[in-house]
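Engineer: requesting a structural model of the entry that follows:
(one chain, ligands or ions: 1)
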Amino acid sequence: MARVCVIGTGYVGLTTGACFADLGNQVSCLDIDAAKVGLLRAGGMPIYEPGLEEVVARNAAAGRLAFTTSYAEAVPGAEVLFIAVNTPQGAGGPADMSHVEGAAATLAQHLSGPAVVVNKSTMPIGSADLVAEIIRRATSAPFHVVSNPEFLREGSALHDFMHPDRVVLGAAEPAAAARVAALYAPLGAPVVVTDVRTAEMIKYASNAFLATKISFINEIAQICDKTGADVREVARAMGLDARIAPGFLSAGIGWGGSCFPKDVRALEYMAAAHGCHPQLLRAVIEINRDQRLHVVRLAKEALGGLRGATVGLLGLAFKPNTDDMRDAPSREIVELLQHEGALVRACDPAATEQAARLLPTVELCPDPYATADEADALILVTEWNEFKQLDLGRLRRAMRRPVLIDGRNLYDPAAMAAAGFEYRSIGRPSKISVP
Ligand code: NAD
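Structural biologist: From the prediction side, this is the model:
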């Protein structure tokens, strides 16, 4: 059993805190957002993350998991302190480190005994040195900084945390790495111990590579579109090659969310700042932007223009099983559609609360059928399970024009044509005539 403090109670921090508590540790979750902490203390959940509520409730009830806004309460006595605050994109591309700097400076004021401070947030290369410097300025308490980037995915955060492909630990001091490794030992995952800068780069390189895979298949999809090949079959057969692997080869409207966009941009920025020429990263970003334009172009072509058209979006979250809309493709698509003069409405099983705040000009509907009502076109944006088995006849009858743009290649082109839709997808033969 270790005494753990997790600073930042968002998708990563709350999952980290709940899972370490579930593994038998005494965990204090700390956040400056008093409303969030109040909600958690009252048994509520500030985010939508399948299964997390149950684990939080179980461990809070067992007295292993507590929530606070007070550094003075959470930091003294903690042996391992995780910094899991947000590192959003700053102006011009670099990661905004102000939350990390604030957390490090405040925790330093309350550090008492020997402690290991763990950089769990995604932070630019060199951040472990920065955090150590900030803490050293404020305290004479002995401490070490370890970099331990997180690889969980929203929507399956609990599973990913408990079953990681690998745990990466970057440390200058082997004993500090061993202290953190001990926390993960019950998971039985491979542990990669390396120096801090390498650990920090592993996170950026991993995210950039996954984004590259998606942009690669999207570029192939564009070529498939023009040549009559089917990108889904291409990707499936490519993925069967063990050297390539099947993940992240789904063509569609591109990557988004709270990590890939900001992390690829931050890596591009770091590369340029160090005199490198990140031409592949730039192409990856550009291809991704093109995919958003592409779906809007498909809708425009199918309708012969978007001015005055009503376009419904199926899905708003950046991916299924989350309510997160940070850098969600839907936001850019809404902007592009409205710029072209379309009226936009949308539905999402989890993100409508976020959407009401972020997209006030979009009419939010309770379900896909209300979204389709008198619509000229639908665009499938997020491949939620709820959208996989729609009553196509009902959907088609509700619409003014039966145009469906499938931004995730979710539906079968022949079934859509048979149901009477003018169906377009990404990189697949779409103009299939009804038999
Ligand atoms: P989040 O925005 O959901 O949560 C961050 C939390 O930190 C917020 O609740 C905020 O109030 C709190 N915070 C900010 N400053 C604070 C301070 N000084 N003291 C205490 N709390 C403070 O962010 P997230 O999605 O959990 O991401 C956290 C980090 O993990 C980021 O660096 C992100 O890149 C990385 N990451 C995220 C994911 C993901 O899927 N979300 C996956 C892997 C890594």
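
Engineer: next, the residue lying closest to residue 191 once chain neighbours are set aside: phi, psi?
Structural biologist: The spatially closest residue to residue 191, leaving aside those adjacent along the chain, is residue 167, at 4.7 Å (Cβ to Cβ, 6 or more residues apart in numbering). Any C-beta I mention is one placed from the backbone N, CA and C, and that applies to glycine too. Here is the backbone geometry of residue 167 (degrees, to the nearest 10): phi -110, psi 130.

Engineer: list the contacts of residue 167.
Structural biologist: Applying Cβ atoms under 8 Å, 6 or more residues apart in numbering to residue 167 gives the contacts 148, 181, 184, 187, 189, 190, 191, 192.

Engineer: now go through these and say which are in helices.
Structural biologist: Those of those mapping onto helices are 181, 184, per DSSP state H.

Engineer: thinking again about what came up before, let me know the pLDDT of the residue nearest to residue 191.
Structural biologist: The model reports residue 167 with a pLDDT of 98.

Engineer: can you check residue 434 too?
Structural biologist: In this model, residue 434 carries a pLDDT of 46.

Engineer: repeat that for residue 113.
Structural biologist: The model reports residue 113 with a pLDDT of 85.

Engineer: how about it: what's its closest non-neighbour residue?
Structural biologist: residue 141 (6.7 Å).

Engineer: contacting residues for the residue of the chain found nearest the ligand?
Structural biologist: The minimum distance from the chain to the ligand, using Cβ to the nearest ligand atom, falls at residue 10 (1.8 Å). Contact partners of residue 10, counting by Cβ under 8 Å, 6+ apart, are 31, 47, 84, 85, 86.

Engineer: quick check: the closest residue to the first one other than its chain neighbours vs residue 161, distance?
Structural biologist: Right, residue 31. Leaving aside its chain neighbours, residue 31 sits nearest to residue 9 (4.0 Å; criterion: Cβ to Cβ, 6+ apart). Residue 9 is 14 Å from residue 161, where distance means Cβ to Cβ, to the nearest Å.

Engineer: these two: which is more packed in?
Structural biologist: residue 9 (28 against 23; other Cβ atoms under 10 Å).

Engineer: hang on, that one packs against residue 67?
Structural biologist: Yes - between residue 9 and residue 67 there is a contact under Cβ atoms under 8 Å: 6.8 Å.

Engineer: now do the shared contacts for the two.
Structural biologist: 29, 30, 31, 37, 40.

Engineer: which bits of the stretch 1-150 of the chain sit near the ligand?
Structural biologist: Counting by Cβ under 6 Å from any ligand atom, the residues of the stretch 1-150 of the chain close to the ligand are 7-13, 30-33, 36, 84-87, 99, 102-103, 121-122, 150.

Engineer: show me how to select, in ChimeraX, the buried members of those residues.
Structural biologist: Remark: buried members of those, expressed as a ChimeraX selection using 16 or more other Cβ atoms under 10 Å:
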select :7,8,9,10,11,12,13,30,31,32,36,84,85,86,87,99,103,121,122,150
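
Engineer: tell me the SS of residue 63?
Structural biologist: Taken by DSSP: H, G, I helix; E, B strand; the rest coil, the conformation at residue 63 corresponds to coil.

Engineer: what is the burial count for it?
Structural biologist: Residue 63 has 9 nearby residues by other Cβ under 10 Å.

Engineer: one more: residue 24?
Structural biologist: Around residue 24 there are 13 residues (other Cβ under 10 Å).

Engineer: grab the nearest non-local neighbour of it.
Structural biologist: residue 1 (5.6 Å).

Engineer: what distance do you get for that neighbour to residue 17?
Structural biologist: In this view, residue 1 and residue 17 are 15 Å apart by Cβ to Cβ.

Engineer: neighbour count: these two, which is higher?
Structural biologist: More neighbours surround residue 17 than the other of residue 1 and residue 17, with 31 against 9 (other Cβ under 10 Å).

Engineer: so residue 53 makes contact with residue 46?
Structural biologist: No - with contact defined as Cβ under 8 Å, residue 53 does not reach residue 46; the gap is 10.4 Å.

Engineer: quick one: which of these two has more around it?
Structural biologist: residue 46 (18 against 15).

Engineer: what helix or strand does residue 29 sit in?
Structural biologist: Using DSSP states H and E, residue 29 sits in strand 26-30.

Engineer: what comes up buried for stretch 299-311?
Structural biologist: Under 16+ other Cβ under 10 Å, the buried positions of stretch 299-311 are 299, 300, 302, 303, 306, 309, 310, 311.

Engineer: chain center to stretch 310-321: distance?
Structural biologist: With Cα atoms, centre = their mean, to the nearest Å as the basis, stretch 310-321 stands 15 Å off its chain's centre.

Engineer: meant to ask about stretch 333-353
Structural biologist: 20 Å.

Engineer: end-to-end on that stretch?
Structural biologist: In stretch 333-353, first residue to last residue: 18 Å (Cα to Cα, to the nearest Å).

Engineer: again, but for stretch 318-333
Structural biologist: With Cα to Cα, one end of stretch 318-333 sits 12 Å from the other.

Engineer: which residue sits closest to residue 78, ignoring its sequence neighbours?
Structural biologist: Nearest one to residue 78, counting by Cβ to Cβ, 6+ apart, is residue 5 at 3.8 Å.

Engineer: quick check, the one you found in contact with residue 75.
Structural biologist: Yes - using Cβ under 8 Å, residue 5 is in contact with residue 75, at 5.9 Å.

Engineer: and for these two, which residues touch both?
Structural biologist: Overlap of the contact sets of residue 5 and residue 75 (by Cβ under 8 Å, 6+ apart) consists of 30, 81, 107.

Engineer: as JSON lines, those with pLDDT and distance to residue 213 would be great.
Structural biologist: Below are the shared contacts of residue 5 and residue 75 laid out as JSON lines (pLDDT from 0 to 100; distance: Cβ to Cβ, whole Å):
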{"residue": "30", "pLDDT": "98", "distance to residue 213": "36"}
{"residue": "81", "pLDDT": "98", "distance to residue 213": "34"}
{"residue": "107", "pLDDT": "98", "distance to residue 213": "37"}
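
Engineer: so which of those comes closest to residue 404?
Structural biologist: residue 30 (46.4 Å; Cβ to Cβ).

Engineer: contacting residues around the closest one?
Structural biologist: 5, 6, 7, 8, 9, 67, 68, 69, 70, 71, 74, 75.

Engineer: identify the bridge partners of it.
Structural biologist: Residue 30 forms beta bridges with residue 7, residue 68, as assigned by DSSP bridges.

Engineer: look up how far residue 69 lies from it.
Structural biologist: 7 Å.

Engineer: next, the nearest residue to residue 240 once chain neighbours are set aside: phi, psi?
Structural biologist: Setting aside the residues directly before and after it, residue 240 is nearest to residue 246 in space (Cβ to Cβ, 6+ apart), at 7.2 Å. For residue 246, the backbone dihedrals (degrees, to the nearest 10) come out as phi -80, psi -20.
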